[in-house]
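Chemist: I'll drop the sequence and a predicted model, then ask my questions.
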Amino acid sequence: MKKIEFSNVSLTYDDDGTVYNALNQMNFSVEQGEFVSIIGSSGCGKSSTLSILAGLREPTEGQYLIDGKVSHGTGRNRGVVFQHYSLFPWMRADENIAFGIKQAFPETTDKEAADIAKEYLEKVGLAGFGKKYPYQLSGGMQQRTAIARTLAMQPEILLLDEPFGAIDARNRILLQDLLLEVLGKEKEKKTIVFVTHDVDEAILLSDRILFMDKKRILEEFEVPFSRPRKREEIFQSRDYINLRQSLLSCFFSGIQEKIGGEEVVL
Ligand SMILES: Nc1ncnc2c1ncn2[C@@H]1O[C@H](COP(=O)(O)OP(=O)(O)OP(=O)(O)O)[C@@H](O)[C@H]1O
């Protein structure tokens, strides 16, 4: 069943009278429970796509459907994690999570919200860090907290906009593995749209990868690995090498046109 459907979505930004077309007649869909990554060069419109899906912007033309119904604005069925951790600096980690829970489920008591916050902190490997303020946590720990907050709000759809983009290489690996582990344990399988520049990250995490350029989806690739996944096994397989090569070719295929020359040496 289609959980998300983008139908001829265009988006223009009006920047003080200068109109810029960021998305052009974009079409794609995501199945219920599917993990889809969107990759593409900087400025191709990935974040704009996600902001429409999150309900933070409305398409200028076209529409998007969730569960078969045209959607507008934000909603409890969607949770977003951004690259910058977006925690409230004046709240402790557990309070940040409990606040999210109370926003999503206002009927929850303070005690229930605190218990759920504790449970989710444990899930992301931060048991014992609930009383810390964001400035007392590393970037990776802050992002774990942001992921815990979003998951604790129990969205059906998880939207992640380069969530590990600001994390160092070692912690990035730990967080990718953690995300796979945590998602694998959720009762309901989430539908996920994940924006990244990182080809390896997209292959490791996704069921399908959409390559974006020229303000729309240009190609899509099925990721042929079963779950649970082991990074070492995947990265040594022939399928991985072939898929990686195909994705990199997408990135480089327009490069002559972009830099304006015939003689490109890579
Ligand atoms: N608020 C805005 N006003 C005007 N133009 C914008 C605005 N936000 C984005 N754009 C432009 O729209 C285009 C798409 O931006 P978007 O952030 O969606 O790309 P992206 O693929 O996510 O880029 P990156 O990978 O660098 O984050 C870019 O050319 C950007 O400059």
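Modeler: The structure has been received and is ready for your questions. Numbers count the residues shown, from 1 in each chain.
Chemist: the strands in the protein, which residues?
Modeler: Under the criterion DSSP state E, the chain contains strands at 2-15, 18-31, 35-39, 61-66, 69-70, 78-81, 157-161, 191-196, 208-213, 216-222.
Chemist: can the ones you listed go into a markdown table with extra columns for mean neighbour count and distance to the ligand?
Modeler: Using the backbone N, CA and C atoms, a C-beta is placed for each residue, glycine as well. Below are those laid out as a markdown table (neighbours: other Cβ atoms under 10 Å; distance: least, Cβ to the nearest ligand atom, whole Å):
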| stretch | mean neighbour count | distance to the ligand |
| --- | --- | --- |
| strand 2-15 | 17 | 3 |
| strand 18-31 | 16 | 4 |
| strand 35-39 | 25 | 8 |
| strand 61-66 | 17 | 15 |
| strand 69-70 | 8 | 22 |
| strand 78-81 | 22 | 14 |
| strand 157-161 | 23 | 8 |
| strand 191-196 | 24 | 7 |
| strand 208-213 | 21 | 7 |
| strand 216-222 | 16 | 12 |
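Chemist: got the ones you listed as a markdown table, with mean pLDDT columns?
Modeler: Putting those into a markdown table (pLDDT from 0 to 100) gives the following:
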| stretch | mean pLDDT |
| --- | --- |
| strand 2-15 | 95 |
| strand 18-31 | 94 |
| strand 35-39 | 96 |
| strand 61-66 | 97 |
| strand 69-70 | 96 |
| strand 78-81 | 94 |
| strand 157-161 | 96 |
| strand 191-196 | 96 |
| strand 208-213 | 96 |
| strand 216-222 | 94 |
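Chemist: of all the ones you listed, which lies closest to D94?
Modeler: strand 78-81 (17.8 Å; Cβ to Cβ).
Chemist: CA-only coordinates of the closest one in CSV, if you can.
Modeler: C-alpha atoms of strand 78-81 as CSV (Å, rounded to 0.1, in the frame of the first residue of the first chain):
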residue,chain,number,x,y,z
ARG,A,78,5.0,12.5,10.8
GLY,A,79,8.1,13.1,12.8
VAL,A,80,11.2,15.0,11.6
VAL,A,81,14.9,14.8,12.6
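Chemist: just checking: what are the partner strands of it?
Modeler: strand 157-161 (parallel) (DSSP bridges).
Chemist: neighbouring contacts of the partner strand?
Modeler: 3-4, 46-47, 50, 53-54, 66, 77-83, 150-151, 190-195 (Cβ atoms under 8 Å, 6 or more residues apart in numbering).
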